[in-house]
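>>> With the sequence up front, the predicted model follows.
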Amino acid sequence: MDKISFAGLVIGLIAIVGGQALEGGHVGSLGQPTALLIVVGGTLGAVMLQSPLPTFRLGLRMAKWVWFPPVIDNAKLIQQVTNWSQVSRREGLLALEGFIGPMKDDFAKKGLQLLVDGVEPERIREVMEVQINTYEEELRQGAKVWEAAGGYSPTIGILGAVMGLIHVMENLSDPSKLGAGIAVAFVATIYGVGLANLVYLPIANKLKAQVARHVNYREMMVDGILGIANGDNPRIIENRLRGYFS
């Protein structure tokens, strides 16, 4: 679990609610279901209208990466590639074919198969980089679902404020209804701006960082496979791969 993401969200909420309480306001006044429905529902509708269904689903699935990021074991990858390199130097590239069957990572399996087939290093690089670019773009589109939500939410919040003021204007003759309309107007703005800057945009940026980790992992793998194809010394390959992370 990514504790800093959880702590950041909790601290942000405590700061906002605590500030309201310190100012002498009622915390309950921030709870306006109507305003929440307008902002969250309107933002959801706008994002769904903008995004293709597969991209929208991917963005929702990726949200869990903020608190439970996928495990990326760089050290294990380096050990694996170094082992491949040592085997290929002792027994030749065809000896690596035995590693392909049990492998679960389709990307690594593809690279190793190209290596065993004797494909030229530059051709291997071309094929693998196309897959990396496609993979990165797909994940970035998923992250942009949350970035789009962060862009629409404040505007929807203003829309909710205007709707609340319209309600106020329609009931000027009935003072008992003015308070509720004004509350919805101002709280809708708070929800719109707050959700954008405390939830949606931070999630989008955190997901982009996770995408960069995934891409870096795949680039390390390609570098290692190309090193084997070029006949580099296993220790040189290992040291070069360690340079990808601190």
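That came in fine, so what should we check first? Since this is a predicted model, take the numbers as computed values, not measurements.

>>> can you give me the helices in this structure?
Listed in chain order, the helices of the chain (DSSP state H) span 3-22, 33-50, 53-62, 74-91, 97-100, 106-116, 121-170, 178-195, 201-229, 234-242.

>>> how many degrees apart are the fourth one and helix 201-229 in direction?
Angle, helix 74-91 to helix 201-229, by axes from the mean of the first three to the mean of the last three CA atoms, to 10 degrees: 10 degrees.

>>> Flag every buried residue along helix 74-91.
Judged by neighbour count (16 or more other CB atoms under 10 Å), helix 74-91 contains these buried residues: 77-78, 80-82, 84-85, 87-88. Every C-beta, even on glycine, is put in place using the N, C-alpha and C of the backbone.

>>> Could you report the separation of the spatially most central residue of the chain from Asp117?
Nearest to the mean C-alpha position of the chain, by CA atoms, centre = their mean, lies Leu207 at 1.9 Å. Using CB to CB, to the nearest Å, Leu207 is found at 35 Å from Asp117.

>>> got it, and Glu219?
21 Å.

>>> So for the two, which residue has more residues nearby?
Taking neighbours as other CB atoms under 10 Å, Glu219 and Asp117 compare with Glu219 leading, 16 against 11.

>>> check contacts around that one.
132, 244 (CB atoms under 8 Å, 6 or more residues apart in numbering).

>>> Equivalent analysis for the one 4 residues further on, please.
Under the criterion of CB under 8 Å, 6+ apart, the contact partners of Asp223 comprise 240-241, 244.

>>> Which of those sits closest to Thr189?
Closest approach to Thr189 among those (CB to CB): Tyr244, at 44.5 Å.

>>> give the contact list for the closest one.
Here Tyr244 is in contact with 74, 216, 219-220, 223 (CB under 8 Å, 6+ apart).

>>> So Met62 is in contact with Arg140, correct?
No - Met62 lies out of contact with Arg140 (CB atoms under 8 Å); the separation is 10.3 Å.

>>> residue ranges with poor pLDDT in this protein?
25, 174-181, 183-184, 246 (pLDDT under 70).

>>> can you list the domains in this protein?
Per the record, the chain has its domains at 1-30, 32-246, by automatic domain parsing.

>>> which one of the ones you listed has the most crowded surroundings?
Comparing the domains of the chain by mean neighbour count (mean count of other CB atoms under 10 Å), domain 32-246 ranks first with a mean of 17.

>>> Give me the distance between that one and the centre of its chain.
3 Å (CA atoms, centre = their mean, to the nearest Å).

>>> could we number from 854 for the rest of this?
Okay, using 854 as the starting number, the last item reads as domain 885-1099.

>>> give me every residue that touches Val893.
So Val893 contacts 1044, 1048 (CB under 8 Å, 6+ apart).

>>> With the one 3 residues further on instead?
Contact criterion CB under 8 Å, 6+ apart gives 1002, 1005-1006, 1009, 1045, 1048, 1053 as the residues in contact with Thr896.

>>> what about 6 Å?
1002, 1005-1006, 1009 (CB atoms under 6 Å, 6 or more residues apart in numbering).

>>> Also Val969?
By CB under 6 Å, 6+ apart, the neighbours of Val969 are 946, 949-950.

>>> what about 7 Å?
Val969 makes contacts with 946-947, 949-950, 953, as judged by CB atoms under 7 Å, 6 or more residues apart in numbering.

>>> Same list (these) but as JSON lines, adding distance to Ile891.
Output for the contacts of Val969, formatted as JSON lines (distance: CB to CB, whole Å):
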{"residue": "Leu946", "distance to Ile891": "62"}
{"residue": "Leu947", "distance to Ile891": "64"}
{"residue": "Leu949", "distance to Ile891": "59"}
{"residue": "Glu950", "distance to Ile891": "60"}
{"residue": "Ile953", "distance to Ile891": "54"}
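
>>> coming back round to it: using a markdown table, lay out the contacts of Thr896 together with distance to Gly872.
Listed next are the contacts of Thr896 as a markdown table, based on distance: CB to CB, whole Å:
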| residue | distance to Gly872 |
| --- | --- |
| Ala1002 | 24 |
| Tyr1005 | 25 |
| Ser1006 | 20 |
| Ile1009 | 23 |
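
>>> Kind regards, and thank you for your time.
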